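J.: fold the following for me, if possible:
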Amino acid sequence: MVKTVTVTKNSFYSLVSSIIQKALTLVYFIVVARMFGPADQGRYSAALAFTMLFNVLIDLGVASVLTRETARAPEKAYMYVNQMFISRICIGVLVYGIIIVSAIALGYSSEFIHLVLIAGIATMFDALSTASWAVFRGLRNLFYESVGGVLAIAIMMSGGIAAMVFHLPIYYLMYAVLAGSLGNFLYVLWLFFFKARFPLSLRPDFGVMKKLFIYALPFMGAAIFSRIYTFSDTAIIAKMAGDQYAGWYSAGNKIILALNLVPASLSASLFPVMSAYFVHTPEKIGTLYVRALIYLFMIAAPMGVGIALLSKSIVATLYGVAYTPTVGVLQVLSLSIVFGFLIYPPGSVLAAVNRQKINTMIYGAAAAINIVTNIFLIPSLGALGAAIASVFSNGYIVLASLIMTRPYWIGHWKHLIVAFMKILLATGGMGVLVSIMAGRLPLLYAVILGMVSYAFFVFLLDVFPKKEYAYLYRSLIRKV
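T.: Purely as a prediction, here's the structure:
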């Protein structure tokens, strides 16, 4: 049996897991970057990004549907699970062939194709795991997914570190990625059929499959376009500018992606709850939506300013002089942190209220903006051009999403503006102190100064009222 828990507990489980995963992944990436240099690291990162572009063809938006439909009718979860496994295995084999043919047709190097051959198999296991965890999200329990994510990273790191200790070629690191994906899949498989005791049946039910894919159609476009604008930049850089430029860009982008653990964790909890609210108590969606926007902006604003001010020290400390061009990339990407955080809540709202087609249109335009600006800017600006393209596309998504979700926040607009202004003032105060002391303090002390000063200004300006602390406390200790 899978127990249901509160939104805040789920966010807490997911956030703790994501912190562990992102921290370990970032440390592992830094070691890889230092051991192999920008060129090999860039080829490795580009191969992973290339296969991730095709991963969505296995999912086709069904994962989001599984979460929504399971949240609305938990008793049907076992039926969705069995049909999901059958369809994903069949589609996965087809997509794997497409990945290989595409890499060859686009003229990538033999070393790149070798990496893609391995990463493509990992992609199939990831697609199965993602859909499986989507069911657990629908059941409103993210504890097991949190454990599975950490398990996958631990397996990958163990294999990768062993490969580096024995000075093996970089494609062995891709075998480590495959091992982590397989471990995650076997864990969720055990949970389904031994922990939750779902009955296993490989008999296809085309009626259920058809229903899932029809429901997934609005999600499908958004998922495909989102994947394109998220992962196409690294693959485009590797093709147009070379592996070294891909390595410089990946080094900066990896830090930004690691910070996205906060909004991703919150979104994983928001979506199933908002889906249930839409059916039973739709009036609660707006309050939850606004609270999520404020929480995320309160975290993202100081992060963006802090990274922009400390980028030179961050790159020198983490990557070394070989990655000096990453400084400019990181400074530009720091501007997109706020956009990247604020993307998640409106996307969850639109999906929960059956307006997925709007998400599709927004992400379709964002993918087009990202590709066009990448192609236009990379030849002249290299990795910096890809960073600028990322800022443009993320900014567009936030603006368009807020416009399309206006009915859900407009009733709280005064509260939203006041909270955002207080957060900007607190961030400005922190930024002044950090900019004055940054050159005089080691990186760690500068970060601590930023955190302490920001907390002081947040308290001074009453950005986070006492009732919010009480709300979080009650949510964490309350049992359903």
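J.: hey, where'd the strands end up in the stretch 1-150 of the chain?
T.: In the stretch 1-150 of the chain, no strands are found when defined by DSSP state E, counting those that start in this stretch.
J.: give me the low-pLDDT residue ranges for it?
T.: 1-11, 14-15, 75, 77-78 (pLDDT under 70).
J.: just the helices in it please.
T.: 7-59, 62-72, 77-105, 110-138, 143-165 (DSSP state H, counting those that start in this stretch).
J.: return the most buried member of those.
T.: Of these, the one with the most neighbours on average (mean count of other Cβ atoms under 10 Å) is helix 62-72, at a mean of 25. (Each C-beta comes from the backbone N, C-alpha and C, glycine too.)
J.: that older thread, now tabulate the helices of the stretch 1-150 of the chain in TSV and tack on distance to Phe206.
T.: Output for the helices of the stretch 1-150 of the chain, formatted as TSV (distance: least, Cβ to Cβ, whole Å):
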stretch	distance to Phe206
helix 7-59	19
helix 62-72	15
helix 77-105	9
helix 110-138	18
helix 143-165	29
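J.: out of these, which is closest to Ala389?
T.: Among the helices of the stretch 1-150 of the chain, the nearest to Ala389 by Cβ to Cβ is helix 7-59 (14.2 Å).
J.: that closest one - contacts with which helices or strands?
T.: Under the contact definition 3 or more Cβ pairs under 8 Å, 6 or more residues apart in numbering; DSSP states H and E, helix 7-59 sits against helix 77-105, helix 110-138, helix 143-165, helix 171-190, helix 206-240, helix 243-259, helix 261-280, helix 466-477.
J.: could you check how far that helix is from the centre of its chain?
T.: Here the centre of helix 7-59 is set off from its chain's centre by 9 Å, with Cα atoms, centre = their mean, to the nearest Å.
J.: now do stretch 300-317
T.: On Cα atoms, centre = their mean, the centre of stretch 300-317 falls 20 Å from that of its chain.
J.: what residues of that stretch count as buried?
T.: 300-315 (16 or more other Cβ atoms under 10 Å).
J.: just the CA trace of that stretch, in PDB.
T.: Provided in PDB are the C-alpha atoms of stretch 300-317 (Å, rounded to 0.1, in the frame of the first residue of the first chain):
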ATOM      1  CA  ALA A 300      15.800  32.600  -7.000                       C
ATOM      2  CA  ALA A 301      16.400  36.400  -6.700                       C
ATOM      3  CA  PRO A 302      19.400  36.200  -4.300                       C
ATOM      4  CA  MET A 303      20.800  33.100  -6.100                       C
ATOM      5  CA  GLY A 304      20.900  35.000  -9.400                       C
ATOM      6  CA  VAL A 305      22.500  38.100  -8.000                       C
ATOM      7  CA  GLY A 306      25.000  36.100  -5.900                       C
ATOM      8  CA  ILE A 307      26.100  33.900  -8.800                       C
ATOM      9  CA  ALA A 308      26.600  36.900 -11.100                       C
ATOM     10  CA  LEU A 309      28.700  38.700  -8.500                       C
ATOM     11  CA  LEU A 310      30.800  35.600  -7.600                       C
ATOM     12  CA  SER A 311      31.100  34.000 -11.000                       C
ATOM     13  CA  LYS A 312      34.900  34.400 -11.400                       C
ATOM     14  CA  SER A 313      35.500  32.900  -8.000                       C
ATOM     15  CA  ILE A 314      33.000  30.100  -8.700                       C
ATOM     16  CA  VAL A 315      34.600  29.000 -12.000                       C
ATOM     17  CA  ALA A 316      38.200  29.300 -10.800                       C
ATOM     18  CA  THR A 317      37.400  27.300  -7.600                       C
END
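J.: run through who's touching it.
T.: Stretch 300-317 is contacted from outside by 251-252, 255, 259, 262-263, 323-324, 326-327, 330-331, 334-335, 337-338, 340-342, 423-424, 426-427, 430-431, 434-435, 438, 442-443, 446-447, 450, 454, using Cβ atoms under 8 Å, 6 or more residues apart in numbering.
J.: now with 7 Å?
T.: 259, 323-324, 326-327, 330-331, 334-335, 337-338, 341, 423-424, 427, 430-431, 434-435, 438, 443, 446, 450, 454 (Cβ atoms under 7 Å, 6 or more residues apart in numbering).
J.: what of stretch 438-454?
T.: 302, 306, 309-310, 313-314, 317, 426-427, 429-430, 433-434, 437.
J.: now that stretch: average pLDDT?
T.: Taken as a whole, stretch 438-454 has a mean pLDDT of 88.
J.: buried set for it?
T.: Ala438, Leu441, Ala446, Val447, Leu449, Gly450, Ser453, Tyr454.
J.: and the third one, what element?
T.: Using DSSP states H and E, Ala446 maps to helix 443-460.
J.: which SS state does Val463 fall under?
T.: Following DSSP: H, G, I helix; E, B strand; the rest coil, the label given to Val463 is coil.
J.: tally up the residues packed near the spatially closest residue to it that is not a sequence neighbour, please.
T.: Once flanking residues are discounted, Val463 sits nearest to Lys422: 4.5 Å by Cβ to Cβ, 6 or more residues apart in numbering. Neighbour count of Lys422, defined by other Cβ atoms under 10 Å: 19.
J.: just checking, Lys422 touches Leu461?
T.: Yes. Contact criterion Cβ atoms under 7 Å: Lys422 and Leu461 qualify, at 4.6 Å.
J.: give me the common contacts of the two.
T.: Between them, Lys422 and Leu461 share no contacting residue, judged by Cβ under 7 Å, 6+ apart.
J.: what is the end-to-end distance of stretch 230-248?
T.: 17 Å (Cα to Cα, to the nearest Å).
J.: contact partners of it?
T.: Outside stretch 230-248, the residues touching it (Cβ under 7 Å, 6+ apart) are 38-39, 41-43, 45-46, 49-50, 52-53, 106, 249-250, 323, 325-326, 329, 370-371, 374-375, 378-379, 382-383, 386, 389-390.
J.: now swap in stretch 20-36 and tell me
T.: Counting by Cβ under 7 Å, 6+ apart, residues outside stretch 20-36 touching it are 41, 149-150, 153, 157, 160, 164, 170, 173, 251, 254-255, 258, 261, 318-320, 323.
J.: ditto for stretch 328-340
T.: So stretch 328-340 is contacted by 248-249, 252-253, 255-256, 259-260, 297, 300-301, 303-304, 307-308, 311, 314-315, 383-384, 387-388, 390-391, 394-395, 398 (Cβ under 7 Å, 6+ apart).
J.: what's the offset of it from the middle of its chain?
T.: Chain-centre distance of stretch 328-340: 15 Å, with Cα atoms, centre = their mean.
J.: now that stretch: mean pLDDT?
T.: 89.
J.: kindly check the end-to-end length of that stretch for me.
T.: 19 Å.
J.: check which residues of it are buried.
T.: By neighbour count on 16+ other Cβ under 10 Å, the buried set for stretch 328-340 is 328-340.
J.: how about the helices and strands packed on helix 7-59 in CSV, adding distance to Ala63?
T.: What follows is those, written out as CSV (distance: least, Cβ to Cβ, whole Å):
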stretch, distance to Ala63
helix 77-105, 9
helix 110-138, 4
helix 143-165, 12
helix 171-190, 13
helix 206-240, 8
helix 243-259, 19
helix 261-280, 11
helix 466-477, 26
